[in-house]
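**Student:** Let's see this in three dimensions:
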Amino acid sequence: MAEFVAAIDQGTTSTRCMIFDHAGTEVGRHQLEHQQIMPQAGWVEHNPIEIWERTSAVIMSALNETRLSATDLAALGVTNQRETTLVWNKRTGRPYYNAIVWQDTRTDRIASALERDGRGEVIRQKAGLPPATYFSGGKLQWMLENVDGLRADAEKGEALFGTPDTWLVWNLTGGVRGGRHITDVTNASRTMLMNLETLDWDDELLSFFGIPRAMLPEIKPSSYPQSYGITLDDGPVAGQVPLTGILGDQQAAMVGQVCLSAGEAKNTYGTGNFLLLNTGENIVRSKNGLITTVCYQFTGADGRPAEPVYALEGSIAVTGAAVQWLRDQLGIISGAAQSESLARQVPDNGGVYFVPAFSGLFAPYWRSDARGAIVGLSRFNTNAHIARATLEAICYQSRDVVDAMVADSGVRMESLKVDGGITANELCMQIQADVLGVDVIKPVVSETTALGAAYAAGLAVGFWEDADDLRTNWQEGRRWTPQWTDEQREAGYRGWKKAVQRTLDWVDVG
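**Tutor:** Numbering: from 1, shown residues only. This next block holds a predicted model:
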């Protein structure tokens, strides 16, 4: 009997394959980074072929290193960077263009035009999203308008659109030999093209972007017993394993953190930060700059899709990426872990605030005209203050979102579940508790994104029976309690809000 479930976690900077047992314990993983392509200011791209090659490599390596084979896997799940936009030819399998990454801002004029002429309100009402450079619809419109021959092929049904989950599933299930062209409700809800109520592509929204329906994938539940498709004997899994779970990365982290009841929330610290609040089967429309999104849709005992569960989300563009910037562009640290030791050299930020608005500001501001700024500098300040300000920026941006979430939901947050790579930074997590004034709790398994995809896949095939089965697996690994006084907390936040104001109106947006 198969005793494990595997998950592919295709992220913004790397791809990994992780393998879990029934207790939700990691038994193996392999991870590879891929290139960040930046042709000009504000443009961020990935090579789809490289992503597929990295995915194949991490699957094979994870299985080889654990001495497991396809027969040991009950199911395979996929989770992915959302909103990143790919288009490829279904006959050749070749991409028409690089993947345009969620951080990319080249579509700012498209987003501004939608807002100016009133279409933005329709998008908010139907899709739950503000018209912003973040989401896939504008990126796909840009490709259709700027890539030679793409529109003609799209209208003929020759060109296929997808987010990274769609690209990987298509390749895993055969590619040009009949690969399945699908996505799930969570990824579809990030395109500005899906109606939150019908869970289907919306003709009016498609018309706003000039997108032919023929190029769009079929939308499925996030956990699917019938399977989206089966892996191939001659593929990287080297055997026939059902693909039964797909979740966008932040929704996957919600499932991995077992935030399956209304009112439960988590914050994932990755390239960006993503704070989600489960709102149950209710679509809660934000009045404070948050996104309304599908949290997940499982399948009922009768084999039919269950009612979708929704969430409010605060998306922050640059958090972990700011630490990478210290390493790669400024060169003041040699690795992410060094940001903590450098920041610990000073007791506070020395009056320095860093607002890493490299791609504008996401929630709750939604200002594509903003750009990054380091403010409050004097000759007293050192690279340690900049490192400390970088960690504080991660935490203050999360405070912005928490305050908006409390205003929308009317529920004060009592504690915050956290996951993702930056949770290894003890100082950053202590600052987060101090800035929020609540306990910050990390589970034993902090890489909950891959775990959530595994849970979705395993639930579909009965590897895990139900939500209670998953809750049994969750265990607290570390807790940080606030140490700042209320006066310290509010003084620090006032400084942050002043710094944010300095970043606005920096870029002229048409």
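
**Student:** remind me which residues of the protein are low pLDDT?
**Tutor:** The model of the chain has pLDDT under 70 over residues 1, 509-510.

**Student:** In it, which residue sits furthest out from the middle?
**Tutor:** Of all residues in the chain, R379 has its C-alpha farthest from the mean position, at 38.3 Å, by CA atoms, centre = their mean.

**Student:** where's that residue relative to P48, distance?
**Tutor:** According to CB to CB, to the nearest Å, R379 stands 48 Å off from P48. Quick note: C-beta positions are derived from backbone N, CA and C, even for glycine.

**Student:** do G128 as well
**Tutor:** Using CB to CB, G128 is found at 27 Å from P48.

**Student:** ok, those two, which is more surrounded?
**Tutor:** Between G128 and P48, G128 has the larger neighbour count (other CB atoms under 10 Å), namely 27 against 24.

**Student:** number of nearby residues for W496?
**Tutor:** By other CB under 10 Å, the residues close to W496 number 21.

**Student:** I meant to write N383 there.
**Tutor:** With neighbours defined by other CB under 10 Å, the count for N383 comes to 16.

**Student:** got a list of what it touches?
**Tutor:** The neighbours of N383, taking CB atoms under 8 Å, 6 or more residues apart in numbering as the test, are 332, 342.

**Student:** which stretches of the stretch 251-400 of the chain form strands?
**Tutor:** For the stretch 251-400 of the chain, strands defined by DSSP state E, counting those that start in this stretch occupy the ranges 265-269, 273-280, 291-296, 309-316, 353-355, 373-375.

**Student:** partners of the fifth one in the sheet?
**Tutor:** The one in question is strand 353-355. Pairing partners of strand 353-355, with direction, according to DSSP bridges: strand 373-375 (antiparallel).

**Student:** List the contacts of the strand it pairs with.
**Tutor:** 352-355, 357, 386, 389, 498-499, 502-503, 506.

**Student:** Columns distance to A450 and neighbour count on top of the residues you listed, output as a markdown table?
**Tutor:** Output for the contacts of strand 373-375, formatted as a markdown table (distance: CB to CB, whole Å; neighbours: other CB atoms under 10 Å):
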| residue | distance to A450 | neighbour count |
| --- | --- | --- |
| V352 | 35 | 25 |
| Y353 | 34 | 22 |
| F354 | 30 | 27 |
| V355 | 31 | 25 |
| A357 | 29 | 26 |
| I386 | 32 | 23 |
| A389 | 31 | 29 |
| K498 | 39 | 12 |
| A499 | 35 | 20 |
| R502 | 38 | 16 |
| T503 | 34 | 20 |
| W506 | 37 | 14 |
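
**Student:** just checking, which of those belong to helices?
**Tutor:** With helices taken from DSSP state H, the overlap with the contacts of strand 373-375 comprises 386, 389, 498-499, 502-503.

**Student:** Select, from those, the two members most distant in space.
**Tutor:** The largest separation in those, counting by CB to CB, is between I386 and K498 at 17.7 Å.

**Student:** doesn't R16 fall inside a strand?
**Tutor:** Yes. Counting by DSSP: H, G, I helix; E, B strand; the rest coil, R16 is found in a strand.

**Student:** now it: how far from Q10?
**Tutor:** Using CB to CB, R16 is found at 8 Å from Q10.

**Student:** So these two - more neighbours on which side?
**Tutor:** More neighbours surround Q10 than the other of R16 and Q10, with 27 against 23 (other CB under 10 Å).

**Student:** can you tell me which residues contact the more buried one?
**Tutor:** Q10 is in contact with 51, 55, 78-81, 164-165, 168, counting by CB under 8 Å, 6+ apart.

**Student:** And it, how far from C395?
**Tutor:** 27 Å.

**Student:** Okay then, goodbye and thanks.
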